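Participant: Take a look and give me a structure for this.
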Amino acid sequence: MKQQPEYELQKKVCQWLNENFKDVLYMSDTIAAVKLTLPQGARNKAVQKAGFKTPDLIIFEPNRHYNGLFIELKVKSPYKKDGVTLRKDDHLEAQQKTIQDLRYKGYQACFSWSLDMTKSIIEIYMNNR
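Facilitator: Model (predicted):
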């Protein structure tokens with residue numbers, strides 16, 4: 001079976017959420033970790049917003065500043081060594097556009113590339129309720 005490190009990170013984050021924030025509603029997108037048949041792929045495409053890259057984790061909990069939290073999980077930084085410039089990659093650029101669109105609509109949205117980083121983002125977000 002092909003290793004899926006982002007999926008493994010996603011599972012750990014969700015397990016941690018279940019243990020630490022039992023009352024919080026969230027959704028974890030797993031479609032990227034699934035091999036769809038052609039009919040399934042067509043069906044999935046028919047119900048998705050074109051160009052919208054659904055982040056891996058969506059927390060349906062407003063806080064004092066945002067309407068919800070969206071996190072795109074990675075296993076390594078999507079940025080170049082300067083920590084600001086996104087690496088050149090069409091998929092990353094599409095994900096960054098989604099993050100920017102979500103921010104514009106009043107959500108906190110970001111990339112995160114480790115379990116500890118993701119926990120910190122969530123804890124800070126939840127402490128601002």
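Participant: next SSE after the worst-scoring helix or strand of the chain on mean pLDDT?
Facilitator: Every helix and strand in the chain was compared by mean pLDDT, DSSP states H and E; the lowest is helix 38-46, with a mean of 92. Per DSSP states H and E, the first helix or strand lying C-terminal to helix 38-46 is strand 57-59.
Participant: Mind listing residues that contact that following strand?
Facilitator: Applying C-beta atoms under 8 Å, 6 or more residues apart in numbering, the contact partners of strand 57-59 are 10, 13-14, 17, 24-29, 68-71, 73, 118, 122, 125. C-betas here are computed from N, CA, C, even on glycine.
Participant: Can you flag the buried ones in these?
Facilitator: Buried residues within these, counting neighbours by 16 or more other C-beta atoms under 10 Å: 10, 13-14, 17, 26, 28, 68-71, 73, 118, 122, 125.
Participant: ok, back up a step: in helices, which of the contacts of strand 57-59 appear?
Facilitator: Judged by DSSP state H, the contacts of strand 57-59 include 10, 13-14, 17, 118, 122, 125 as members of helices.
Participant: Closest to Val47 out of the residues you listed?
Facilitator: Taking C-beta to C-beta as the measure, Val47 lies nearest Gln10 of the ones in helices among the contacts of strand 57-59, at 21.2 Å.
Participant: these two touch, right, Pro5 and Val75?
Facilitator: Yes. The criterion here is C-beta atoms under 8 Å, and Pro5 meets it with Val75 at 4.5 Å.
Participant: Quick check: beta-bridge partners of Leu57?
Facilitator: Ser28, Ile71 (DSSP bridges).
Participant: Can you report how many residues lie near it?
Facilitator: Counted with other C-beta atoms under 10 Å, the neighbours of Leu57 add up to 22.
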